[in-house]
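Chemist: fold the following.
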Amino acid sequence: MTSRELTDARSRELTDVRYEVDNGLAWITIDREARYNAFSAHTVDELIHAFKLAWGDSAVGVVCLTGAGEKAFCAGGDVKMAAEFGGYGPTDYGIFEIQTLHRVMRAIPKPMIAAVNGVSAGGGHVLHVLCDLSIAADTATFGQSGPRVGSWDAGFGTGILARAIGEKRAREMWYLCRRYDAAQALEWGLVNAVVPLAELQAEVRRWAGELLERSPTALAFLKHSFNADTEQLAGVGAVGFDALDIFVHTREAQEGKAAFAEKRPPDFARFR
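Modeler: Now for the predicted structure:
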């Protein structure tokens, strides 16, 4: 790649994501507030781009992922869009690259903090779990949504969660699709700290300040060392997402998405 091509890649105009760097801390913000920061395929493309920008920028030592506004961190995949259009929309390469996003988040050799400012659900909950550290507002809520809408996130989405809070609690979150408040998340070890919403960004800044004082090489080796124990989950995830790609075209999956869009309970009984 020539220097001109590299400059063009870095200057890509973002529409669903905001990317800002402030004194060593890169803020990556999902900017779809009207949809509770749920992601489309285009959003995922932009998140991958933003994380790679932070990865390659020597001025960045810590990365923070958050959501726009005060209601949601990320509500997961845009199920309403999927119900209306049969998918998550166009992408750069014709691929819904959610697995690539997960891998980039794990591979970037810099600490990642999730600033959970509101609803963290479904695929959005997986994103916070994949971050190295999570700091939550006291208004944040947490939960998985897959079985409610006819979906799942195998691999990292289940395996990392089970290691974080224990297998029984992880199964509870995935099977029952309940919502948990920030106090419960802290008690379970799902987040590192809880602060008032008005103090969330300042708290992230304080944690980032401490991290920026540490050896970046040591932090990179530690991150990859922690990741090594769960790297086999990438293969499980690949199988799981391949199966999901087939499943989403079934009547059972379509019932889940239609019920969500129509704001009614799904009728899964006939699929048992």
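
Chemist: number of residues surrounding residue 40?
Modeler: Applying the criterion other C-beta atoms under 10 Å, we find 22 residues in the vicinity of residue 40. Every C-beta, even on glycine, is put in place using the N, C-alpha and C of the backbone.

Chemist: now it. Its backbone dihedrals?
Modeler: Residue 40 has phi and psi values of phi -90, psi 180 when expressed as degrees, to the nearest 10.

Chemist: hang on, it packs against residue 80?
Modeler: No - the pair residue 40 and residue 80 does not pass the contact test of C-beta atoms under 8 Å, sitting 10.4 Å apart.

Chemist: any idea which residue sits dead centre in the protein?
Modeler: The central residue of the chain, meaning the one whose C-alpha is nearest the mean C-alpha position (C-alpha atoms, centre = their mean), is residue 127 at 1.9 Å.

Chemist: ok, residue 141 touching residue 119?
Modeler: Yes - in this structure, residue 141 is within contact of residue 119 by C-beta under 8 Å, at 5.5 Å.

Chemist: of the two, which one has the most company?
Modeler: With neighbours defined as other C-beta under 10 Å, residue 141 and residue 119 compare such that residue 119 has more, 24 against 20.

Chemist: need the pLDDT of the residue lying closest to the more buried one once chain neighbours are set aside.
Modeler: Once flanking residues are discounted, residue 119 sits nearest to residue 72: 4.2 Å by C-beta to C-beta, 6 or more residues apart in numbering. Per-residue pLDDT puts residue 72 at 98.

Chemist: kindly report the same for residue 1.
Modeler: Looking at residue 1, its pLDDT stands at 33.

Chemist: now do the phi/psi pair for residue 231.
Modeler: phi -60, psi -30.

Chemist: and the gap between it and residue 49?
Modeler: When C-beta to C-beta, to the nearest Å is the yardstick, residue 231 and residue 49 sit 24 Å from each other.

Chemist: again with residue 27
Modeler: The separation that residue 27 has from residue 49, given C-beta to C-beta, amounts to 15 Å.

Chemist: name the residue in these two with the higher neighbour count.
Modeler: residue 27 (22 against 18).

Chemist: count of residues packed around residue 238?
Modeler: Under the neighbour criterion other C-beta under 10 Å, residue 238 is assigned a count of 13.

Chemist: can you show me the helices along the stretch 51-200 of the chain?
Modeler: In the stretch 51-200 of the chain, the helices defined using DSSP state H, counting those that start in this stretch lie at 79-85, 98-107, 123-130, 146-149, 156-165, 167-176, 182-188, 200-212.
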